[in-house]
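Undergrad: Prediction below, plus the sequence it came from.
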Amino acid sequence: MTDSFLYTTPLDPRAAPLIEALTWEYTTRYGDHFGEPGEEMRRYPAELFAPPNGNFLLLLRAGAAIAGGAFKRYDERTAELKRVWTHIDLRRQGLARKVLAELELQAARQGYIRLYLTTGFRQPEAAELYLNNGYTALFDSKVDPEIHGTLPFVKDISALALEFGPNAFDRKAS
């Protein structure tokens, strides 16, 4: 069975499982700790995850979303990753790592040289994913993560941007 990436929008009906599952996950893990349950998923309009400043992708298997993620502009050179998700029944199979790699590549194609993201203190598997894939923690990882609330990370993708970013073909030709 072949998996494929689809660049789309959070409004695409195929994205509904991702949105619903993330809303459920945030609600069950955090309740109202960060505000009204489900607020995080309503915080950002779909347009923020559209080119040229952002993007939204799904990893599809047999036409169904099994993983996905997005990014939006954080600042002129930095994209902020959001909505990284894997179907609950398919976790620990490397799908989030595939999504992460594709998001990094697409952000570089769109001219970003740095990635920023936050995850919650009750998502140790997400923190582990980012640390194991070259992200730098911007918090003290030796203390109880609940002290921090949100856990910010960054990653330099300037090498990818040089290779695949805007005008990469022109730079290679010279």
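TA: Nice, I can see it.
Undergrad: what does stretch 99-113 rub up against?
TA: 5, 7, 51-53, 55, 57, 59, 67-71, 77-79, 81, 84-86, 115, 129-130, 133, 155-158, 160-161, 163-166 (Cβ atoms under 8 Å, 6 or more residues apart in numbering). C-beta: built from backbone N, CA, C; applies to glycine.
Undergrad: Quick check, pLDDT for Arg42.
TA: On the pLDDT scale, Arg42 is placed at 77.
Undergrad: Tell me how far it lies from Thr9.
TA: For Arg42, the distance to Thr9 equals 15 Å [Cβ to Cβ, to the nearest Å].
Undergrad: chain center to the top strand by length along the chain: distance?
TA: Looking across the chain with DSSP state E, the single longest strand is strand 64-75. Centroid separation for strand 64-75 versus its chain: 5 Å, with Cα atoms, centre = their mean, to the nearest Å.
Undergrad: what helices or strands is that strand leaning on?
TA: On a contact count with 3 or more Cβ pairs under 8 Å, 6 or more residues apart in numbering; DSSP states H and E, strand 64-75 meets helix 16-30, strand 55-61, strand 78-86, helix 95-109.
Undergrad: If we go by neighbour counts, what in the first one is buried?
TA: Under the neighbour-count criterion of 16 or more other Cβ atoms under 10 Å, helix 16-30 has 17-19, 21-23, 26-27, 30 buried.
Undergrad: Same question for the last one.
TA: Judged by neighbour count using 16+ other Cβ under 10 Å, the buried positions of helix 95-109 are 95-96, 98-100, 102-109.
Undergrad: if we can go back for a sec, what would the helices and strands packed on strand 64-75 look like in TSV with mean pLDDT?
TA: TSV is the format used below for these (pLDDT from 0 to 100):
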stretch	mean pLDDT
helix 16-30	82
strand 55-61	96
strand 78-86	94
helix 95-109	97
